[in-house]
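Colleague: Using only what follows, build the 3D model:
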Amino acid sequence: MIDNSSECPAGPDGICCKDSRRFAYFDGHCDTLTEFDESKETIYDSDTHFNVKKQLGYFRHVQVADIWVDRARHDPAARVDHFINVFERQLRLLEEKGRAECSGGFGVCFIKSREDLREYYDSDGSPVVRSGLILGIEGGECIDGDEEFIALRKLFDRGVRLITLTWNTPNTISDTNCAVAARPGLTDFGRRVVAEMNRLGMMIDVSHISDRGFEDVLEISRKPVIASHSDSRALCGHGRNLTDDMFRSLVAAGGVTGINFCTDFLGGSLDLDRILEHIEHFASLGGVANIGIGSDFDGISCLPGGIDGAESLYKIIDGLLKLNYTEAQAEGIAGGNFRRVFEEVLPSRI
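Modeller: Purely as a prediction, here's the structure:
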């Protein structure tokens, strides 16, 4: 994807001299979608951490847009149905805006298959910039008690391609890092959910789950899983983060963790350098190919210094290149590592 043409030669150690905005990005988690309702406001230029106008500032940028749900606060099924409708409306509004208001136009790619993902990234010659979106759900209570997986398959049919198995409230799949059950880990139903998501081609996300639940998922899953927005517990001792052993297990299983920008989970200096420190720590464990970006944009109230929103992602890659990461390593963290696991897990186009 990144060339080393005469306009942008690589440095002596393979370090890229290219403008880091021209890398291909992939952000594994944001909550922006639940900021919207049925109004005419669009996610194109909304006053949010992530919006499509910011996204289009990059060569390519895939964003996982999650519907956050919590059984303690919501009617899970009704909330998910509502925000899938909102998402579908946003796609229509974006298509209209792309045709009507932007010089040269822009397109929207709703990614539901591995072929969609490949075509989105690899259409280098296309004159039209495009938004890449993957629909996810954060909180498996939306399928609580769905023993026949009717609700799960309906979500798949509507384009959902990722489920974060738990949020902070335990559900019928597993307990969480906030509340550990007397018999911790995946329930029998949760084990069946993992197997069915593998079969369908839905990404399993283990951020928020309990440590035992994490272990159970990695033991059972036949495909790589991700921790879409989790940091290092060695650097910040919050239970939402991954221990070194958990990260090594994720590496062994071919998965990826996305670095979360929430300052509560970063700890230490609350700035861009702290994000780089979490990346550096995981890389030191032999997992440079298993790290990505999981911003948690619009799900957190306070961003680290130097990060204003999606428009600032390139600063992380600039920082890595200054730390002598190679072009290939920086490209992987920007987006290639998440792309790899999603291509492996997503279904073929029907």
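
Colleague: For residue 21, which non-adjacent residue is spatially closest?
Modeller: Closest residue to residue 21 in three dimensions, ignoring its sequence neighbours and counting by Cβ to Cβ, 6 or more residues apart in numbering: residue 314, at 4.8 Å. No exception for glycine: its C-beta is placed from N, CA and C like everyone else's.

Colleague: Same check on residue 113?
Modeller: Using Cβ to Cβ, 6+ apart and skipping residues adjacent in sequence, the residue nearest residue 113 is residue 349, 4.1 Å away.

Colleague: Tell me where the stretch 151-300 of the chain has strands.
Modeller: Using DSSP state E, counting those that start in this stretch, the strands found in the stretch 151-300 of the chain span residues 160-164, 203-205, 226-227, 256-259, 291-293.

Colleague: got the contact list for the second one?
Modeller: Pointing back at strand 203-205 there. Strand 203-205 is contacted by residues 28-29, 136, 138, 161-165, 194, 197-198, 217, 221, 223, 225-228, 341-342, 345-346 when judged by Cβ atoms under 8 Å, 6 or more residues apart in numbering.

Colleague: returning to what we had before: phi and psi next, for the residue nearest to residue 21.
Modeller: Here the main-chain torsion angles of residue 314 (degrees, to the nearest 10) amount to phi -60, psi -30.

Colleague: What count of nearby residues applies to residue 41?
Modeller: Using other Cβ atoms under 10 Å, residue 41 has 15 neighbouring residues.

Colleague: contacting residues around the lengthiest helix in the chain?
Modeller: Secondary structure of the chain read by DSSP state H shows that its longest helix is helix 76-100. Helix 76-100 is contacted by residues 33-34, 36-38, 40, 42-44, 52, 65, 67, 69-70, 105-108, 110, 131, 133, 135, 137, 139, 141-142, 144, 151, 155, 158-160 when judged by Cβ under 8 Å, 6+ apart.

Colleague: Restricted to helices, list the residues you listed.
Modeller: Among those, the ones falling in helices (DSSP H) are 52, 151, 155.

Colleague: How about the second one, nearest residue that isn't a chain neighbour?
Modeller: Excluding the flanking residues, the one nearest residue 151 by Cβ to Cβ, 6+ apart is residue 143, at 4.9 Å.

Colleague: Give me the distance from stretch 216-228 to the chain's centre.
Modeller: Relative to its chain's centre, stretch 216-228 lies at 15 Å (Cα atoms, centre = their mean, to the nearest Å).

Colleague: Give me the buried positions along that stretch.
Modeller: 216-218, 220-221, 223-228 (16 or more other Cβ atoms under 10 Å).

Colleague: of these, closest to residue 177?
Modeller: Nearest to residue 177 out of the buried residues of stretch 216-228 is residue 227 (Cβ to Cβ; 11.1 Å).

Colleague: What are the neighbouring residues in contact with that closest one?
Modeller: Listed by Cβ under 8 Å, 6+ apart, the contact set of residue 227 reads 205-207, 214, 242, 250, 255-258, 294.

Colleague: Tell me what it is bridged to.
Modeller: residue 257 (DSSP bridges).

Colleague: Could you measure from it over to residue 113?
Modeller: Per Cβ to Cβ, to the nearest Å, residue 227 is found 23 Å from residue 113.

Colleague: likewise residue 223?
Modeller: When distance is defined by Cβ to Cβ, residue 223 is 15 Å away from residue 113.

Colleague: Pipe the contacts of residue 227 into JSON lines and attach distance to residue 179 and neighbour count per row.
Modeller: JSON lines is the format used below for these (distance: Cβ to Cβ, whole Å; neighbours: other Cβ atoms under 10 Å):
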{"residue": "205", "distance to residue 179": "18", "neighbour count": "31"}
{"residue": "206", "distance to residue 179": "16", "neighbour count": "27"}
{"residue": "207", "distance to residue 179": "15", "neighbour count": "27"}
{"residue": "214", "distance to residue 179": "15", "neighbour count": "26"}
{"residue": "242", "distance to residue 179": "18", "neighbour count": "22"}
{"residue": "250", "distance to residue 179": "22", "neighbour count": "24"}
{"residue": "255", "distance to residue 179": "24", "neighbour count": "26"}
{"residue": "256", "distance to residue 179": "26", "neighbour count": "29"}
{"residue": "257", "distance to residue 179": "22", "neighbour count": "30"}
{"residue": "258", "distance to residue 179": "23", "neighbour count": "27"}
{"residue": "294", "distance to residue 179": "22", "neighbour count": "28"}
